[in-house]
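Participant: I'll drop the sequence and a predicted model, then ask my questions.
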Amino acid sequence: MSLWKGKVLQVEIYGKSHDKKIGAILKKFPEEFVDESELQKFVNRRKPTYSPIFTARREEDKIIFLSGISDGKLTEKAVFEIENKDCNKSDYNNLYAKPRPSHADLAAYYKDGRLDFSGGGEFSGRMTAPLCIAGGIAKQFILRRGITVNAYLSSVGEIKGQSYKTDSIADIDFDFPNPKQQKMLDKILEAVNSGDSIGGCVECIVCGMKKGIGGELFDGLEGKIASLIYSIPAVKGVEFGYGFGLSKMLGSEANDQITINGGEITTVTNHSGGINGGISNGMPITLSVSFRPTPSISKPQQTVDLVSGEKVTISINGRHDGCIAPRGAVAVESAVAIALLDEIYYFELNTAK
Ligand SMILES: Cc1cc2nc3c(=O)[nH]c(=O)nc-3n(C[C@H](O)[C@H](O)[C@H](O)COP(=O)(O)O)c2cc1C
């Protein structure tokens, strides 16, 4: 069980990759209408498509609305479940006590002594399915407040696709897959065909964000969003706006000049990614998220048998994604939407009096 507590909202995620069920418990969300079919469509976007670049595990991911929805509206506490029907424990027979390099196996062994790493347990990417239930609901609620959150695959290895750093936001195609991504998808297939995996980046753009939300130091929006993004397995970096690129610029190049258009104060550029001093400045919030290459690969890798203490070579032949970033994009949208809904709802509750 993993619990996230925001300023108002709480999200609890339970279960493991090979349990019968996994789920999400949502507490203290706004008691508003949930479009169940839109929610299912959103969660379906996370599913692997029938492509060799994704895991061959086929889960229906049908959301079971267990409790907490009354007359279509969310109540104080709501519980949602998804069944795991396509588990294949035998894929992991040769991996007993042999931690997969760069997966959570070795670290989890240090924490609780486990030797059975099948399915990745609670560290599996599968756990982003319940995260996407919470995120899909948060997305609906912030959309009602005029805010959109869209994430897309922006690079795979050295191959770059569309980016808010180089393209106008209006031109970015958020569909997956789309023809502009073909070179990136070919690169993933190349890695898979050689028994390997590859890393990738996802970018996310928030439009319509209310100005002046967030706070200083520990209350900053960047930290809030980043902490939720880092709950997504395989995320190893987050930058806002031009992020690390800003460290290579002069102040005169980096600063977003302030102007006024038709009475509305805005900035000429958006290198800061819509946030200054931890507070939204009215420009689109932009962020880029780095996903490591999938740890499980069929190429031989070195590890240690934790029972015998011997060095051993393993080859991981189960069902795995060749690149996590494409499916990770839906989890990124979810994490961002939950963080923003918490901030906005908190603001509403505290200014309503
Ligand atoms: C959508 C998604 C799918 C994933 N699929 C796999 C997979 O097929 N095989 C694998 O080894 N890791 C996969 N992962 C990544 C591991 O869960 C992750 O690398 C591991 O828990 C270690 O965490 P860390 O990389 O954040 O340190 C996936 C992650 C996500 C978000």
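Facilitator: The structure has been received and is ready for your questions.
Participant: so which residues make contact with stretch 202-212?
Facilitator: Identification of contacts with stretch 202-212 by Cβ atoms under 8 Å, 6 or more residues apart in numbering yields 145-154, 163-164, 169, 172, 274, 279-282, 284-289, 291, 325, 328-329, 332-333, 336, 340, 344, 347. Where C-beta positions appear, they are placed from N, C-alpha and C, glycine not excepted.
Participant: next up, the contacts around T259.
Facilitator: 265-268.
Participant: which positions in the stretch 51-200 of the chain make contact with the ligand?
Facilitator: Within reach of the ligand by Cβ under 6 Å from any ligand atom, the stretch 51-200 of the chain has these residues: 55, 103-104, 120, 123-125, 128.
Participant: and with 5 Å instead?
Facilitator: 55, 103-104, 123, 125, 128 (Cβ under 5 Å from any ligand atom).
Participant: of those, which belong to helices?
Facilitator: T128 (DSSP state H).
Participant: out of the contacts of T259, who's the most crowded?
Facilitator: T267 (17 neighbours; other Cβ atoms under 10 Å).
Participant: surely E38 and F141 touch.
Facilitator: No. The criterion here is Cβ atoms under 8 Å, and E38 misses it with F141 at 11.7 Å.
Participant: how about residues contacting stretch 4-11?
Facilitator: 3, 12, 24-29, 131, 134, 224, 228, 231, 338-339, 341-343, 345-346, 349.
Participant: now with 7 Å?
Facilitator: 3, 24, 26-29, 134, 228, 338, 341-343, 345-346, 349 (Cβ atoms under 7 Å, 6 or more residues apart in numbering).
Participant: which residue comes closest to the residue in the stretch 101-250 of the chain that the ligand sits nearest to once chain neighbours are left out?
Facilitator: Per Cβ to the nearest ligand atom, G125 is where the stretch 101-250 of the chain lies closest to the ligand, at 2.3 Å. Sequence neighbours aside, P233 is the residue nearest to G125 in space, at 5.3 Å (criterion: Cβ to Cβ, 6 or more residues apart in numbering).
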